[in-house]
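Peer 1: return a 3D structure for these sequence lines:
(chains A, B, C and D)
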Protein chains: 2
Amino acid sequence: MKQDLAEIKGEIFTAMGHSNRIRILEFLKDGEKCACEIVPALEIEQSNLSRHMKILVQAGILNSWKEGQKVMYEIADKKFIKILDDISTILKNRIQNRMKVLEEL
Amino acid sequence: MKQDLAEIKGEIFTAMGHSNRIRILEFLKDGEKCACEIVPALEIEQSNLSRHMKILVQAGILNSWKEGQKVMYEIADKKFIKILDDISTILKNRIQNRMKVLEEL
DNA sequence: TGTATTTATGATTAACTATTCATATATTAA
DNA sequence: TTAATATATGAATAGTTAATCATAAATACA
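Peer 2: Predicted coordinates for the structure are as follows:
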């Protein structure tokens, strides 16, 4: 199981590489939530959510702990939020640049 | 083909979710390169590299253009480099935090 | 023109991923 | 103890991804 840095980085991006996992991370931006809050909010089937959460925890993107019968989740590092915001900016710029091209016609 | 933002973001992270594609992006950090430079530098089989490059271009992470018989590639937005650097920082911090825990024993 | 160089792609195969349903496990509350 | 709530997981299935080999296509070069 010898892993170089590129492999670990790849695993982090793979874990972020799903629309529902993006939605989950954005839902967790402003603080910890339990799975039971995420299921109805994002309309993801319970067993499916459980597996998505496992992927995010295993990649070290989320911390999780138990509170009674609930399992709580939070984003493990604020830099993940920054990365999500940067991706939003990249997409915004893409759209703006396409608009500029259209205006020049 | 109705796509919301989370889906597009997911596609970008999926495109970055492979160790060889991370290596390719890091190799392109300091400027444009042709495929024929990447193949020997990263020791990726030519047809395999061609497919990895296609994935990165289709996700909008790389720009590509032809120069004679060569195909050139460059990172489409400096923010992708920033994201890669942020991931490196996250991993560095992870290791440091683990060290701290050990020191406290 | 024929040859070398560079890149892309069809076909195949193996491995991995996501989803669902049913059910198990753990915790709390009655 | 029984029921309700919250979460995890085995099994099945469909779909996707990565890698490889052989070969095609495009360009440059002698």
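
Peer 1: wait, is A:Met72 part of a strand?
Peer 2: Yes: read with DSSP: H, G, I helix; E, B strand; the rest coil, A:Met72 is one of the residues of a strand.

Peer 1: is it bridged to anything, and to what?
Peer 2: Taking DSSP bridges, one obtains A:Cys34, A:Trp65 as the residues bridged to A:Met72.

Peer 1: mind pulling up the pLDDT for it?
Peer 2: Reading off the per-residue confidence, A:Met72 sits at a pLDDT of 98.

Peer 1: tell me the spacing between it and DNA strand D.
Peer 2: As judged by CB to the nearest atom of the strand, to the nearest Å, A:Met72 and DNA strand D stand 7 Å apart. All C-beta atoms are positioned from the backbone trio N, CA, C, and that covers glycine.

Peer 1: and if you look at A:Lys9?
Peer 2: The spacing between A:Lys9 and DNA strand D, counted by CB to the nearest atom of the strand, is 13 Å.

Peer 1: cool, A:Glu74 as well?
Peer 2: When distances are taken as CB to the nearest atom of the strand, A:Glu74 and DNA strand D turn out to be 13 Å apart.

Peer 1: for the nearest residue to that residue once chain neighbours are set aside, give me the pLDDT.
Peer 2: Among residues not flanking A:Glu74 along the chain, A:Glu32 sits closest, at 4.0 Å (CB to CB, 6 or more residues apart in numbering or on different chains). Reported pLDDT at A:Glu32 in the predicted model: 98.

Peer 1: quick one: contacts for A:Glu32?
Peer 2: A:Met72, A:Tyr73, A:Glu74 (CB atoms under 8 Å, 6 or more residues apart in numbering or on different chains).

Peer 1: highest neighbour count among these?
Peer 2: Across the contacts of A:Glu32, neighbour numbers were computed from other CB atoms under 10 Å in any protein chain shown; A:Tyr73 holds the maximum, 24 neighbours.

Peer 1: what ranges in chain A fall below the confidence cut-off?
Peer 2: For chain A, the stretches flagged by pLDDT under 70 are A:1-2.
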